[in-house]
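>>> Quick check, what structure comes out for this input:
(2 chains)
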Amino acid sequence: MAILKRPLFDPPIVRRATRDAFAKLDPRHMVRNPVMFVVLIGSVLTTLVLVRDLIQGRGDIGFTLQIALWLWFTVLFANFAEAMAEGRGKAQAESLRRSRTLTTAKRLKSPADRTLFEAVPADQLRKGDVVLVTPGELIPGDGEVIEGVASVDESAVTGESAPVIRESGGDRSAVTGGTKVLSDYLVIRITANPGETFLDRMIGLVEGAKRQKTPNEIALIILLSGLTIVFLFAVVTLQPFAIYSGGAVPVPILVALLVCLIPTTIGGLLSAIGIAGMDRMIQHNVIAMSGRAVEAAGDVNTLLLDKTGTITLGNRQAVEFVPAPGVTREHLADRAQLASLPDETPEGRSIVVLAKQFGLRGRPLAEGSHGMELVPFSATTRMSGVNVGALQLRKGASEAVGRWVREQGGDTPSAVTSAVERIAREGGTPLVVAERENGGAKVLGVIYLKDVVKGGMKERFEQLRAMGIRTVMITGDNQLTAAAIAAEAGVDDFLAEATPEDKMALIKREQGGGRLVAMTGDGTNDAPALAQADVAVAMHTGTQAAKEAGNLIDLDSNPTKLIEVVEIGKQLLITRGSLTTFSIANDVAKYFAIIPAMFVATYPALQALNIMRLHSAQSAILASVIFNALIIIALIPLALRGVRWRPASAAAILRRNLWIYGVGGILIPFAGIKAIDLLLTLLRLV
Amino acid sequence: MTANGWLQILFYSALLLALTKPLGVYMVRVYDGSMRWLAPLERVVYRLCGIDPEEDQHWTRYAGGLLLFSVVSMLMTYVALRLQAHLPLNPAGLPAVPDRQAFETAASFTTNTNWQSYSGEVTMSYLSQMMQLAFHNFTSAASGMAAAVALARGIARRSGGRLGNFWTDLVRGTLYILLPLSFVLALVLVQQGVIQNFAKYVTVTTVEGAKQVLAMGPAASQIAIKQLGTNGGGFFNANSAHPFENATAISNFLEMFAILMIPAALVYTFGDIVKNRKHGWALWTAMFVVFFGGVATSYWAEARGNPIHAGRGVDIVASADNPGGNMEGKEVRFGIANSVLWATATTDASNGSVNSMHDSFTPIGGIVPLVNIQLGEEIFGGVGSGLYGMIMMAVLTVFIAGLMVGRTPEYLGKKIQSREMRMVMLYVLIFPAVILTFTALSVVLPAGLAGRNNAGPHGLTEILYAFTSVAGNNGSAFAGLTGTTYYYNTLLGLGTLLGRFAMLVPMLALGGFLAERKTVAESAGTFPVTTPLFVILLISVILIVGALTFFPALALGPLVEHLLMGAGKLF
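As a prediction, the model looks like this:
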């Protein structure tokens, strides 16, 4: 998907959000958010009092009008925050929709015969239909390649412009509707009905149309509703106390007190925070299949990381030539390069590159390709090589090459054997090189192939450890190699010679110990483990089965993304918690502003509680209501971007956030209310 | 304030700290069933009552047992009080307790409140005191402790909602903890001069030549459990200000110490059961800090005295032969330090016994007991009820602040989600709802207003204190409110029942829900519940939740009174 980097307050989104803020006043929508629903009722009540006062021509109409207006603003600001969060997703969904043009598909009568087809509109394809797609055509729907190999442009979905290969069988057989075939042809079995395709689901998710409240969000709403009811009791019973003390309080002032006390700040921003969390995943090119998955990411205790591609660069590289006794390093390098010239694998290429350090750059072409006979790698011989005239070169696993040398009457020097052992112990892969030219074979030495750990991984794992997250490396390598790489990368644990069953058992064991597990996967054999894991990131390049088992899909297919996913999940929860704390802490100042103001007429002595020295009772109440409304607007950027944080231990994060949102939450409103009070007095609004 | 006063307060605190662990360990062993020294007696009780001690009860069954036991024993007491005139051990020939008052008293003692709208010596026969009131003093305390232990078990284990066995918890708490401690304390009190007899009331001629009737009775045995079980219902109307109930400085210290002894030790018991003793100590510390803050504030306010008195030439400065400060409503025998220490302890715990009259404290001195109860009776709190109240606050703290560390909030390894929060909020809600609604009704209804002794903000404080006291199951009286009317007997009785059972059931439900959850592994990412930061956070939540709820009412009552006192006006 083309990710549009938008400024936070993009004018079209702001315009639309402003419109939506009014549309969201619908009580059926408001009732989903109990805190703001109470504010809505309070606004209506105050407006009714205002109308009554207007008709009867009594009361302080200017004051009541201002209270009513700011109460309505409070509701509208909260709606605006939600609409802003949704707006970004909606804008993205629209651009996705535009890319989903209606295509015509070539439906095959029989999968076996690709000459016989009928043209049907793509939206009439059903699950199980088989279609042919030729170069330049859009793939009409999600499906599985059953025949052919083709390069496909998936930029419409992933935003990545480099074409990818799709082929039948294996882990690269899934195709997505709306992507374009560039070369060759594909025969595809459709796997999704119209309306249920990946693109459709993605539009739905991005738009937040079917957004379900997440477990933590529901629990938080219960807390906020509970607090609202407590304050409702405190404010409603205040009227009898006031009457007892000698003067009833006007209803708008009671409403003002109630609205200031109930947690409107977090109540107004709660759904915006949730939507923005999903949105941040999308900014990272990760599609969350549910908000629950984003939240669970924050709770993860154990990360299962595949070694290849996540921890290491994905391919081994030659880092050293260890010559056998009596062989020069240059000779070994020369032979190794020659043996690797036709070798297209990354390992082979890295040998060629390493040999260049020995001045082996321009080879005579005659020696290079003419008369060169390739001996391909096979599972039975476990070695590869070339024959150039009489010269035979072989490289491969030490036992395999050793056997070959023995068969030709040579033997492996003990120095080579010990070099092989050393390399294996260090986590590398030893590749023995041997030659045979007119007579017996001879071992030339060993190439040290090393798994290169990606830069910065060690620091990342350290941060994760500080956050209390264990990292477990999963690899097919043997115990020795795995241990060495695990130590170098700094992971907490590793699983060597891992089979899908081992992986599954590991996940269950971790979960049995009360830990939440996150993993990534792409292959069909990953699917059961993905389904078992609490947070499962499926690679978009993976198979359909893997994608269905995952609860997050990474469009970039970057296994390292798992770490970012965890961080986004944590940030979402931290943002919610911080604003909740801030909201509750705010109440202290509001009490000191409003309570003296309410009763100073009855008991002038209560003026002593007016520690902010606010101008008058009216200005104090109005300033509190205005502060309460404006703080919602002021915190929208924070709600949308999320609270800034660095990976650290829970204790450290807590300390920091308590200072900012707890202590700050107590102090800021004192300053804010005082400032607004001064401004109101200056403008003669009270 | 005097050095002597502070020394006594510090000695009290040090002894509390010292006894927490030994008694706490003992109680762990009582509730896990490994304390067996009264096993033969225990077995007889089980056989007689048809209890299967091995049964592990689901929380609904546990709560059901507790409610059933309470309802039946409450009805029993109501009937006994109504039939008092026809029952033995009534040397003073006291008549039946009136209907509403009998209801209120039965409710009040069943709920561990011991709010008394009667004077013991002119209302209750010796039989009523010993068979009914003392019975409840033991069982209401034991059921509170049982409920707290049940919650602790819910947190500690994963058992599909099972919390243990209410009947064995009730029996063991009574048999191994309350009975032996009360027995020892009663003996010491008798030795100190607290009376214990079945004699007729004695008429004496005073020094001035007037005739006076001296009430008699088995006081010491009642007082021991009244203090230890955080009950607080006095044998005599003057409660522990009465010399027959509280004879010497030593009896005063022991009675005062007995208030907080079990609640403090239970916190250790909790830490042990949930296998996080450091967390137990963290809760203990939070409780102690608020307790000590209360004592210090109250002591400061009372020792400072009333500026109006000083203005009229009264010497309120402490010296060798003048206690100084505000001595109104205080026993000269005990002085200011021991009065404020008792007042703070008795309101922090839901005890409610008094050795001075809180109504006569200065506004700030008097606000401390009131606020203590409004914080939810969890600063050490009632036996058991204080602990579970504090646990509810800890769960609330963990939830509010826990999200801030970026994880689903968890308490001691159990995730706190919507089901749990619903129960916590229900628990938090009921308390202010009862207090504020009943007080609001009473300040506008003529029947409510009629009970006041004073007008103005002080009258409001009296009514607010009464409902706070019953909903908090404290039972201490601010005094000054005439509670023996149909209206107040009914509403206050209802208040005790709601304040106990409407909060107990959601609390046990929370325990059950937590017992269904698996335990999440602890890591560096877990919200810390053993650090000083947690203690500060917990105290803030307790204060903010309490203060935010009651601040408006307090502002119109004691706060304004204090400010008016500064301006020279009294009520």
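>>> which non-adjacent residue is nearest the residue of the stretch 351-500 of chain A found nearest chain B?
Of all residues in the stretch 351-500 of chain A, A:Gly468 sits closest to chain B, at 2.7 Å by C-beta to the nearest C-beta. Glycine gets a C-beta too; all of them are placed from N, C-alpha and C. Excluding the flanking residues, the one nearest A:Gly468 by C-beta to C-beta, 6 or more residues apart in numbering or on different chains is B:Gly525, at 2.7 Å.
>>> so the one you found touches A:Leu464, yeah?
No: taking contacts as C-beta atoms under 8 Å, B:Gly525 lies outside contact range of A:Leu464: 9.3 Å.
>>> Identify the contacts common to these two.
Counting by C-beta atoms under 8 Å, 6 or more residues apart in numbering or on different chains, B:Gly525 and A:Leu464 have no shared contacts at all.
>>> tell me which element A:Leu579 is part of?
helix A:561-599 (DSSP states H and E).
>>> Give me the mean pLDDT for stretch B:93-109.
Mean pLDDT, stretch B:93-109: 93.
>>> which of the residues in that stretch are buried?
B:94, B:97-98, B:100-109 (16 or more other C-beta atoms under 10 Å in any protein chain shown).
>>> I'd like these laid out as CSV, including distance to B:Leu563 and secondary structure.
Formatted as CSV, the buried residues of stretch B:93-109 follow (distance: C-beta to C-beta, whole Å; DSSP: H, G, I helix; E, B strand; the rest coil):
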residue, distance to B:Leu563, secondary structure
B:Leu94, 45, coil
B:Val97, 42, coil
B:Pro98, 41, coil
B:Arg100, 37, helix
B:Gln101, 37, helix
B:Ala102, 42, helix
B:Phe103, 39, helix
B:Glu104, 35, helix
B:Thr105, 38, helix
B:Ala106, 41, helix
B:Ala107, 37, helix
B:Ser108, 34, helix
B:Phe109, 38, helix
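>>> Throw the residues you listed into JSON lines and include distance to B:Phe292, thanks.
Shown next, in JSON lines, are the buried residues of stretch B:93-109 (distance: C-beta to C-beta, whole Å):
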{"residue": "B:Leu94", "distance to B:Phe292": "42"}
{"residue": "B:Val97", "distance to B:Phe292": "40"}
{"residue": "B:Pro98", "distance to B:Phe292": "42"}
{"residue": "B:Arg100", "distance to B:Phe292": "40"}
{"residue": "B:Gln101", "distance to B:Phe292": "38"}
{"residue": "B:Ala102", "distance to B:Phe292": "40"}
{"residue": "B:Phe103", "distance to B:Phe292": "38"}
{"residue": "B:Glu104", "distance to B:Phe292": "34"}
{"residue": "B:Thr105", "distance to B:Phe292": "34"}
{"residue": "B:Ala106", "distance to B:Phe292": "36"}
{"residue": "B:Ala107", "distance to B:Phe292": "33"}
{"residue": "B:Ser108", "distance to B:Phe292": "29"}
{"residue": "B:Phe109", "distance to B:Phe292": "31"}
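>>> shaky segments in the chain?
As the question left the chain open, I've gone with chain A. A:1-6, A:98-102, A:159-160, A:171, A:208-211, A:314, A:360-371 (pLDDT under 70).
>>> looking at chain B here, not the other one
B:479, B:570-571.
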